[in-house]
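# Sequence first, then the predicted structure, then my questions.
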Amino acid sequence: MNLEQARFNMIEQQIRPWEVLDPTILNLLNDLPREDFVPEGFRNLAYADIEIPLGHGQSMMPPRVEARALQALGVKASDLVYEIGTGSGWLTACLARLGRHVVSKELHQDLSDQAAKRLGSAGFQNVTLEVGDALAHTESEDRYDVIVATGSFPVMPQWLQGWLKIGGRLFVVTGEEPAMEAWLITRVGEKEWSSENLFETVLAPLENVPQPAKFVF
C-alpha cells in the first residue's frame, strides 16, 4: 500500500471537492501522518472515505468531515481548545498542531491511553488528556477559544456554547438520523452567539448524551 499516494488521493479526491481549500489545513493533512493514529489493522485504510472503528461503538470521523471542521474553526496559534471525545487522537493532534493547547476528554480509559501513546510518539507536548464523562457536568468556569464535539447531540447544547470565550468557536453536529447538520457557533458577546450551518452529515451520538423528551399522544 502506497500511503503517500493514498494521502495525496485523499486530499485531491475527498478534501478539495468538499470545499476545503485553506492551505493551512491542506498542508496539515499532508504533513501529519494519519496512519499513525488509526488502530492496528486499519493502517491501509487511514486515508479512505470511511469511519474507522475504534471500539466501544466509537469510530473516527471521515477525513473530509474532520477537514471541514478544522477549516471552519480557524484555529489560531494562541487558541485554547477543548475536545469532547479523544477517540484515536488524530483530531486531537490536528488541533494541537494548530492551537496553543488542547484539553481532550475521553469516556473510555483504553482509548485515552492509546491516544496518549500515539500523541507521545508524535512528539506532542501541548495536550492534556482527561478520562471521564464530559457531559456529566454542564457547568464550568473554564472558557475556551475553540470547542469540538466528536459525537452528535440530538439538539443544540446551549450549555456548551456558554463555555466559549467571546470570539470563541464551537463545532457541533446536531439532529437524529438521517437528518443531521454540522454547525459553527461563534460567541460574539456576553449573551450573544451567531450560528452557521456548515453541511449535512451523519455522526454517531455521544455516549450518555441526554435525549429530548418525546411527546406521547
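It's in.

# Point to the helix or strand of the protein where mean pLDDT is at its lowest.
strand 58-59 (a mean of 92; mean pLDDT, DSSP states H and E).

# what are the pairing partners of that one, and which direction each?
Strands that pair with strand 58-59, judged by DSSP bridges, come out as strand 53-55 (antiparallel).

# Wasn't Arg97 part of a helix?
Yes: under DSSP: H, G, I helix; E, B strand; the rest coil, Arg97 falls within a helix.

# In this structure it contacts Leu32, no?
Yes: Arg97 lies in contact with Leu32 (CB atoms under 8 Å); the separation is 6.2 Å. Every C-beta, even on glycine, is put in place using the N, C-alpha and C of the backbone.

# still on that earlier bit, and the average pLDDT for the helix or strand just after the least confident helix or strand of the chain is what?
Using DSSP states H and E, the helix or strand that follows strand 58-59 in sequence is helix 63-73. The average of the pLDDT scores along helix 63-73 is 97.

# got the buried residues for helix 63-73?
Going by neighbour count (16 or more other CB atoms under 10 Å), the buried part of helix 63-73 is 63-73.

# could you dump those residues to TSV with distance to Gly162?
TSV is the format used below for those (distance: CB to CB, whole Å):
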residue	distance to Gly162
Pro63	31
Arg64	30
Val65	25
Glu66	25
Ala67	28
Arg68	25
Ala69	20
Leu70	23
Gln71	25
Ala72	20
Leu73	18
